[in-house]
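Engineer: what's the 3D shape of this:
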Amino acid sequence: MEFKPYIPPEKSLPEYTIKAFVLGVILSIVMGAANAYLGMYAGMTVSASIPAAVISMAILFAFKDRNILENNMVQTAASAGESLAAGVIFTFPALVVLGYYTTFPYYLVTIIAALGGSLGALFTVVLRRAFIVEEKLPYPEGTACAEVLIAGDKGGSHAKPILYGGIFGGLFKLLGSSGLWKGTVEAAKMVGSRVYYFGSDLSAALIAVGYIVGLNIAFLVFLGGAIAWFIAIPIYAGQMGATDLSPVDMAWVIWSTKIRYMGVGAMVVGGIWSLIKLRNPIKRGIKAGLEVAKKRQAGEAVLRTEEDLPLNYVLILIAAFVIPLFLLYFHIIGSIGIAAVMAVILLIVGFLGSSIAGYLAGVVGSSNNPVSGITIMSLLFTAFVLKALGLSGMEGMAATILVAAVICTAAAIAGDTMQDLATGYLVGATPKRQQVFEIVGTFFAALVMAPVLNLLIQAYGIAGTPTAKENALAAPQAFLMAKVTEGVFTGNLEWNMIYIGAGIAIALIVLDEILAMKGSKFRTPVMPVAVGIYLPLSLGVPIFIGGLIKHFVTKARGGGAEKPTDPGVLGAAGLIAGEALMGIFFAALIVAGVAPSAGFSSNVLGILILAGIAVWLYMTGRKE
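Structural biologist: Numbering: from 1, shown residues only. Sure, this is the predicted structure:
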């Protein structure tokens, strides 16, 4: 049976409108800023497509001439800001960790973010038909967003849970940041010579993240933390001997200097496995895209819903975006030859990484897309090549990070673009117009990335660096990029820990393949466990709690398939947006010197209020 979108190809509705442009740009900037904070704090971002779609519908409801394709354009541009933030915060803060920068030059971040992200959107043009139309990948968040848009077009209203969630998440962050409780509740105890630690961040946003990704992924993130903090750290502590450190400090030191490198090994193996698994889909995607381009060039009719950006335009734009990046690298490095090699690496590895990200977004969704693993692969390759060409020390490490930053932003935007195109495929949008709006959203979000990064670093700093202040941000992915790069150039990588992590990843891959053959609903993808090993346990605990809430909601509703428009998902999205935006607000207050001083009252109060929010999320999720 031939697929028919909600708006048929024969019907043409306004998609490029002033309302869509203005609203899309504003939401792209807001979502980008909010997710930059969340990513620096927790090492992950959450897809902004559904919140953007709901907000768009609520605002455009005031206009009589609104339509669903206009709303789709808004969410396309808006979600680009969230994805660009992931690419930026996963890489640029690594230059602070390395000591190369303490604040970022505006031109550097803006150029790399805008052009790298736009390359990611362009790389996916030849992949859309293969992955979405022929492979029929599920693209969970893209499908969810389409259902939100269609329900709204039919008269449904879904703004209320997001509004309440935003208020609760923002107020909780406001009270905590005002000094009523600490951000983390933690304790550790020595048992003989071994140290055992447990802790949890008091964060509504992290509970919401767990709710959105579900129990399977949330459990795997917690499992990674359990491997690191309940097994590896006690074993390593038993070999350390006497120390003057408190049990809590001892656990943190062991984790930050040794154990977290297990996560590096797991991510590298996961990235290689992704390459092996996706080689054939990538080949088919390129072939299918070229066939459609030939059909258009021959003058044959192409349906509106099958119109991608013309291939010749795509190639011209790719060249136009790579040339400024080459000149930027030459300006920084001072060698035409090395700058050219860097440009070639970002072009080839960037396309490959974008293809992997676009495919994985269709399988696990944008929120779970292992962009960091793709970036680590590119980073290791780039570091070894540049080292072989004679670059060394800080210059070599900075050059490696700047190439990885382009690839990371490209991969992040590629995954988001494919998710948005999947939404467009279902609602009946014109692909080439979405591809243009993705680039528009990327460019405008790029304009605020440097100020937001500098604001966060000045206000909070990055844990483990001279910039660190009270409640310093973990920036886990950026820390990982810095340490891997440093290890390649100095020869001091924690190879034993990396090998152990790689072994864990291989075991998980074998287990996942066995589970797949048996048709099990529970799977063991490597990346969530690797992230759990690398992140503090205190982040994994609330994520796991959120996953449990989602599980109990599903059971209470009879175990049926959840609709993406369910209030629980929208309420969780609101919690994330509220806490993240309040985090940005408090960063501004800290920099301005007017933030309230910390005078912690009672962690019990914070725990009780957070428990109340968790109950609200459960009750909201149970609603039909």
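
Engineer: which helices and strands sit right next to the helix or strand where residue 455 lies?
Structural biologist: In the assignment (DSSP states H and E), residue 455 maps to helix 431-459. With contacts defined as 3 or more Cβ pairs under 8 Å, 6 or more residues apart in numbering; DSSP states H and E, helix 431-459 has these neighbours: helix 18-42, helix 68-89, helix 106-123, helix 393-427, helix 567-592. (Each C-beta comes from the backbone N, C-alpha and C, glycine too.)

Engineer: pick the most deeply packed of the ones you listed.
Structural biologist: helix 68-89 (a mean of 32; mean count of other Cβ atoms under 10 Å).

Engineer: after it comes which helix or strand?
Structural biologist: helix 94-97.

Engineer: which pLDDT value goes with the spatially closest residue to residue 486 that is not a sequence neighbour?
Structural biologist: Spatial nearest neighbour of residue 486, excluding adjacent residues (Cβ to Cβ, 6 or more residues apart in numbering): residue 397 at 6.1 Å. Per-residue pLDDT puts residue 397 at 94.

Engineer: isn't residue 397 right up against residue 487?
Structural biologist: No: contact between residue 397 and residue 487 fails when scored by Cβ atoms under 8 Å: they sit 10.0 Å apart.

Engineer: for the closest residue in space to residue 536 that isn't next to it in sequence, grab phi and psi.
Structural biologist: Nearest residue to residue 536, sequence neighbours excluded (Cβ to Cβ, 6+ apart): residue 474, at 6.5 Å. Recorded main-chain torsions at residue 474 are phi -70, psi -40, according to degrees, to the nearest 10.

Engineer: what is the burial count for residue 474?
Structural biologist: 22 (other Cβ atoms under 10 Å).

Engineer: same question, residue 490
Structural biologist: Residues near residue 490, counting by other Cβ under 10 Å: 11.

Engineer: check residue 532 too.
Structural biologist: So residue 532, with other Cβ under 10 Å, has 29 neighbours.

Engineer: quickly find the element holding it.
Structural biologist: Going by DSSP H and E, residue 532 is part of helix 526-534.

Engineer: likewise residue 340?
Structural biologist: Here residue 340 is assigned to helix 336-364, by DSSP H and E.

Engineer: quick one: list the elements packing against that helix.
Structural biologist: Using 3+ Cβ pairs under 8 Å, 6+ apart: helix 336-364 touches helix 106-123, helix 140-153, helix 261-297, helix 311-333, helix 371-388, helix 393-427.

Engineer: how far off centre is the longest one?
Structural biologist: To tie it back to what came earlier, the one meant is helix 261-297. Here helix 261-297 shows a centroid-to-chain-centroid distance of 19 Å under the convention Cα atoms, centre = their mean, to the nearest Å.

Engineer: which stretches of the stretch 501-624 of the chain have low pLDDT?
Structural biologist: 559-565, 584, 587-588, 590-601, 624 (pLDDT under 70).

Engineer: gap between residue 467 and residue 476?
Structural biologist: In this view, residue 467 and residue 476 are 15 Å apart by Cβ to Cβ, to the nearest Å.

Engineer: and if you look at residue 571?
Structural biologist: When residue 571 is compared with residue 476 (using Cβ to Cβ), they lie 26 Å apart.

Engineer: please apply the same query to residue 88.
Structural biologist: In terms of Cβ to Cβ, residue 88 sits 15 Å off from residue 476.

Engineer: and if you look at residue 290?
Structural biologist: Residue 290 is 39 Å from residue 476, by Cβ to Cβ.

Engineer: report the angle between the helix or strand containing residue 618 and helix 567-592.
Structural biologist: Residue 618 is part of helix 603-622 when elements are defined by DSSP H and E. Here helix 603-622 points in a direction 140 degrees away from that of helix 567-592 (axes from the mean of the first three to the mean of the last three Cα atoms, to 10 degrees).

Engineer: can you pull the buried residues of helix 603-622?
Structural biologist: 603, 606, 609, 610, 613, 614, 616, 617, 618, 620, 621 (16 or more other Cβ atoms under 10 Å).

Engineer: for the residues you listed, which one is nearest residue 322?
Structural biologist: residue 617 (45.0 Å; Cβ to Cβ).

Engineer: ok, the closest one - contacts?
Structural biologist: 165, 207, 208, 211, 546, 549, 568, 571, 572, 575 (Cβ atoms under 8 Å, 6 or more residues apart in numbering).

Engineer: from residue 347, how far off is the last one?
Structural biologist: Noted for residue 575: a distance of 39 Å to residue 347, by Cβ to Cβ.

Engineer: now swap in the fourth one and tell me
Structural biologist: Between residue 211 and residue 347 the distance, using Cβ to Cβ, works out to 39 Å.

Engineer: who has more neighbours, those two?
Structural biologist: Just comparing residue 211 and residue 347: by other Cβ under 10 Å the higher neighbour count belongs to residue 211, 31 against 21.

Engineer: output the helices and strands packed on helix 336-364 as CSV; include the columns distance to residue 244.
Structural biologist: Shown next, in CSV, are the helices and strands packed on helix 336-364 (distance: least, Cβ to Cβ, whole Å):
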stretch, distance to residue 244
helix 106-123, 41
helix 140-153, 49
helix 261-297, 24
helix 311-333, 43
helix 371-388, 35
helix 393-427, 33
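
Engineer: quick one, which of the ones you listed gets closest to residue 25.
Structural biologist: helix 106-123 (13.4 Å).

Engineer: residue 467 and residue 476 - which one has more neighbours?
Structural biologist: For residue 467 and residue 476, the more surrounded residue by other Cβ under 10 Å is residue 476, and the numbers stand at 25 against 21.

Engineer: so the more buried one sits against residue 530, correct?
Structural biologist: No: if you go by Cβ under 8 Å, residue 476 and residue 530 don't touch, sitting 11.1 Å apart.

Engineer: returning to what we had before: distance of the residue nearest to residue 536 relative to residue 38?
Structural biologist: From residue 474 to residue 38 the distance is 11 Å (Cβ to Cβ).

Engineer: residue 297 now?
Structural biologist: Counting by Cβ to Cβ, the gap from residue 297 to residue 38 is 44 Å.

Engineer: swap in residue 311?
Structural biologist: On the measure of Cβ to Cβ, residue 311 and residue 38 end up 36 Å apart.

Engineer: kindly report the same for residue 98.
Structural biologist: 23 Å.

Engineer: and if you look at residue 482?
Structural biologist: 20 Å.

Engineer: same question, residue 106
Structural biologist: 22 Å.

Engineer: cool, and residue 191?
Structural biologist: 35 Å.

Engineer: likewise residue 190?
Structural biologist: 34 Å.

Engineer: check residue 361 too.
Structural biologist: 18 Å.

Engineer: could you tell me how many residues sit around the nearest residue to residue 359 once chain neighbours are set aside?
Structural biologist: In this structure, residue 359 finds its nearest non-sequential neighbour in residue 278, 5.1 Å apart by Cβ to Cβ, 6+ apart. Number of residues near residue 278 (other Cβ under 10 Å) recorded here: 19.

Engineer: give me every residue that touches residue 278.
Structural biologist: 355, 356, 359, 360.

Engineer: isn't the second one right next to residue 273, touching?
Structural biologist: Just to be clear, that refers to residue 356. No: checked against Cβ under 8 Å, the pair residue 356 and residue 273 is beyond contact range at 10.6 Å.

Engineer: more neighbours, these two?
Structural biologist: Between residue 356 and residue 273, residue 356 has the larger neighbour count (other Cβ under 10 Å), namely 27 against 19.

Engineer: so how far is residue 377 from that one?
Structural biologist: Relative to residue 377, and taking Cβ to Cβ, residue 356 is found at 9 Å.

Engineer: make sure residue 208 is actually in contact with residue 577.
Structural biologist: No: using Cβ under 8 Å, residue 208 is not in contact with residue 577; the gap is 9.2 Å.

Engineer: could you confirm residue 3 falls within a helix?
Structural biologist: No: Residue 3 is assigned coil when assessed by DSSP: H, G, I helix; E, B strand; the rest coil, not a helix.

Engineer: burial count for the residue nearest to residue 567 when sequence neighbours are not counted?
Structural biologist: In space, and not counting its chain neighbours, residue 567 is closest to residue 161: 4.2 Å by Cβ to Cβ, 6+ apart. Neighbour count for residue 161, taken as other Cβ under 10 Å: 25.
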